[in-house]
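In: Below: sequence and its predicted model.
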Amino acid sequence: MHIRSFKLKLLFSFACVILVCFGLVSYFLYKNLEENTLKDIKTTLLNEVYLIESLLPRDIINNPAYLEDLVKDLSKKINSRITIIDKSGKVLADSEKDLKEIPQMENHASRPEVKAAISGQTGEAIRYSSTLKMDMLYIALPVKENESVKAVIRLALPLSGIKIVLGRIRKEILFSIFFVLGLAFVFISLLAEGISRPIKRIIYASRRFAEGDFRHKIYASSKDEIGQLTVILNKMASSIEEKISQIEIQNQQLKNIFQGMVEGIITVDKQGRIVSVNPAVEKIFNINSRDIEGRPLLEVIRNNELAEIVKQAMDKRGLISQELVLTWPAQKIFKINASALFEKEMVIGCLLVIHDISQIRQLENIRRDFVANVSHELKTPLTSIKGFVETLIEGAWDDKENARNFLLIIQDHVNRLDNLIRDLLSLSYLESKEVVLHKEKVVLKVMVDEILAGFKSQLKKKSVEAKNSINPDLSVMADRDKLEQVFTNLIDNAIKFNRENGAIKIYAQDADKDIKVTVEDSGIGIPAKDIPRIFERFYRVDKTRSREMGGTGLGLSIVKHIVELHGGSVGVESTEGLGSKFWFTLPK
Ligand code: ADP
């Protein structure tokens, strides 16, 4: 039998123990009682038989009528059957029989108790009496005369009385067993309930813990072992909860790092299937993490080299670092770091850290180009200067007219070098961190008028008409010197790249947050393909033409830097052959 309830188990066990113990005790008690009762009766009978023996007349055999009266009288008094038997086993008198029935009675010599008495001993026996139809106890005593047995007195007591008493005792014992059992049942029930209640509470709490609810507290109702267990379980739950929350915090921190990293992070399993990606990956490859998790890496990023890097990292159980050019979704250069992931020393996948180094490479290229450009820009005038100086030294200075021309050319180149170095210094200052803006209120129209006055001769030379339509009330907070340089560079370009009899319009729009200033010319314009790069350093549509006009290719770059330092932006709209509109904004 499989008992599931602890309470029932306890009840069942206790009931068994009580039943066995009580049963055994009762059995031995009963047996003892039975034996003692029988012994007591035998003793009484024996005493009675001795008493009868002393009352019997010496000449027993010769006086049957007297014998009959005596046995009948004594039998009534002692409530037992009395039989007198002679030494041959013949019945002489019996309290239960009349005198005339005596001769028909069976010879008693073979009855064990009689047999023992005839041989001079006290005999006893328990036997079923067919005459009385019940169990009888017989005690037989020899009546002796001069040490020889003359007759036998036998007392017989029906055992039915004792049996009834013993039966009643048996019933009482049984009843008390059941009574005790019932009482024990009630007490054990209460006890079991007392024990099982806290256990039930522990079971319920354990279930809650298993479901992850460690906030649940078990009520400790006692200080016994169960109470101690309860306290320990409560402590265990709190410490697990604390540990879990620590792990959760760590996890969250890791997740935040993972989410916030600029580098793309992909984890793949041993089969090369994507396990997780961070938002940077979604951005780099323009994909949605939900669509790709679980799919093979090669299927998502179709690049054999990348798949090969992952394979190598897992095979070598180490780190593989490699640069990779991916053409999808845009041509970009990536630095890939792939390292094998382990669990119990077994490779379970690979971690890919993808770093977009396109910008770094682009910046390196820009720097390289810049150095090459600067060297080239410096070299051209220097070569000319060197050439003319050598020609002069070799004797050309004798020819006054030519020497003057040469010196004018040298002066021109020196001016160009001077311009170039001034622009370079100004650009490097603008790009440096220590640049400081001294902002003040600048009335735009006044500033533009002053600058245009400075360009008067150049405008006249090219017959270009410049019109300043800026509202006289419009003012901005800006660094005066730097803003002057912006206007100077833009107006200088508008004149340089204008046509004869061309026009320049300068105007400003007052928008919500900023002021937009435009310098519009009717010049040669800029081809559409050059527009995106026009603000780059040294970028010129026509290098020779720009150089001839004393340009350094740095003017627009300086404009862009100054405007951005002020928090504004620059732009250009241009149609080749028709003219350009250079604009910049300044926050109010
Ligand atoms: P530069 O010293 O050559 O003028 P900038 O940086 O000022 O250098 O200008 C770069 C190039 O942009 C010029 O060489 C020219 O090709 C083009 N550009 C600038 N302004 C204009 C304009 N107003 N009209 C046509 N092209 C222009």
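Out: Ah, there it is. Residues are numbered from 1 along each chain as shown.
In: What are the neighbouring residues in contact with the nearest residue to residue 575 once chain neighbours are set aside?
Out: The shortest distance from residue 575 to any non-neighbouring residue, by CB to CB, 6 or more residues apart in numbering, is to residue 525 (5.2 Å). The C-beta positions use only the backbone N, C-alpha and C, and glycine is treated the same way. Residue 525 is in contact with 574-580, counting by CB atoms under 8 Å, 6 or more residues apart in numbering.
In: and what of residue 129?
Out: 135-136, 156, 158.
In: tell me the mean pLDDT for stretch 34-43?
Out: The average pLDDT for stretch 34-43 rounds to 88.
In: who touches it?
Out: 124, 137, 139, 157, 162, 165-166.
In: run the last query once more with 10 Å
Out: Residues from elsewhere that reach stretch 34-43, judged by CB atoms under 10 Å, 6 or more residues apart in numbering: 80, 122, 124, 126, 137, 139, 155, 157, 159, 161-163, 165-166, 169-170.
In: quick one on the thing from earlier: how close does the residue nearest to residue 575 sit to residue 550?
Out: According to CB to CB, to the nearest Å, residue 525 and residue 550 sit 21 Å apart.
In: go on, residue 49?
Out: Distance from residue 49 to residue 550, counting by CB to CB: 166 Å.
In: Comparing those two, which shows the higher neighbour count?
Out: Per other CB atoms under 10 Å, whichever of residue 49 and residue 550 has more neighbours is residue 49, with 23 against 13.
In: before we move on, what SS does the nearest residue to that one once chain neighbours are set aside have?
Out: Of all residues not flanking residue 49 in the chain, residue 141 sits nearest, at 4.5 Å (CB to CB, 6+ apart). Three-state call for residue 141 (DSSP: H, G, I helix; E, B strand; the rest coil): strand.
In: and residue 141, what is it in contact with?
Out: Neighbouring residues of residue 141 by CB under 10 Å, 6+ apart: 45-46, 48-50, 52-53, 113, 116-117, 121-124, 151-155.
In: Now list the buried members of the contacts of stretch 34-43.
Out: Buried members of those, counted by 16 or more other CB atoms under 10 Å: 80, 124, 137, 139, 155, 157, 159, 162, 166, 169.
In: right, and the second one touches residue 115 too?
Out: When you say that, I think you mean residue 124. No - using CB atoms under 10 Å, residue 124 makes no contact with residue 115, being 11.5 Å away.
In: Touching both of the two, which residues are there?
Out: With CB under 10 Å, 6+ apart, residue 124 and residue 115 have common neighbours residue 140.
In: any idea how far residue 571 lies from the ligand?
Out: Residue 571 sits 13 Å away from the ligand, taking CB to the nearest ligand atom, to the nearest Å as the criterion.
In: hang on, I meant residue 278
Out: 41 Å.
In: and that residue, how many neighbours?
Out: Other residues within reach of residue 278, judged by other CB under 10 Å, total 23.
In: what do you get for the one 10 residues further on?
Out: When neighbours are defined as other CB under 10 Å, residue 288 has 10 of them.
In: And the closest residue to it other than its chain neighbours, its phi and psi?
Out: Spatial nearest neighbour of residue 288, chain neighbours left out: residue 282 (6.3 Å); criterion: CB to CB, 6+ apart. Phi and psi for residue 282, reported as degrees, to the nearest 10, are phi -60, psi -40.
In: again with the one 4 residues further on
Out: Residue 286 has phi and psi values of phi 50, psi 50 when expressed as degrees, to the nearest 10.
In: Quick check, residue 354 in contact with residue 297.
Out: No - using CB under 10 Å, residue 354 is not in contact with residue 297; the gap is 11.5 Å.
In: which neighbours do these two share?
Out: In contact with both residue 354 and residue 297: 266, 277, 306, using CB under 10 Å, 6+ apart.
In: and the last one, that one's in a helix?
Out: Yes - according to three-state DSSP, residue 306 belongs to a helix.
In: Against residue 336, how distant is it?
Out: Residue 306 is 7 Å from residue 336, by CB to CB.
In: Spit out the residues that contact those two alike.
Out: Counting by CB under 10 Å, 6+ apart, the residues touching both residue 306 and residue 336 are 266, 322, 324, 326, 352, 354.
In: Next up, phi/psi of the fourth one, please.
Out: Spelled out, that is residue 326. According to degrees, to the nearest 10, residue 326 has phi -110, psi 140.
In: for it, what are its contacts?
Out: 284-285, 301-303, 305-306, 332-334, 336, 354, 356, 358.
In: Quick one: the strands in the stretch 101-250 of the chain, in order.
Out: 123-129, 134-145, 148-158 (DSSP state E, counting those that start in this stretch).
In: related to what we said a few turns ago, and the pLDDT at the residue nearest to residue 288?
Out: Here, the pLDDT recorded for residue 282 equals 90.
In: any idea how far the ligand is from it?
Out: Taken as CB to the nearest ligand atom, the span from residue 282 to the ligand is 38 Å.
In: Many thanks, I have nothing further to ask.
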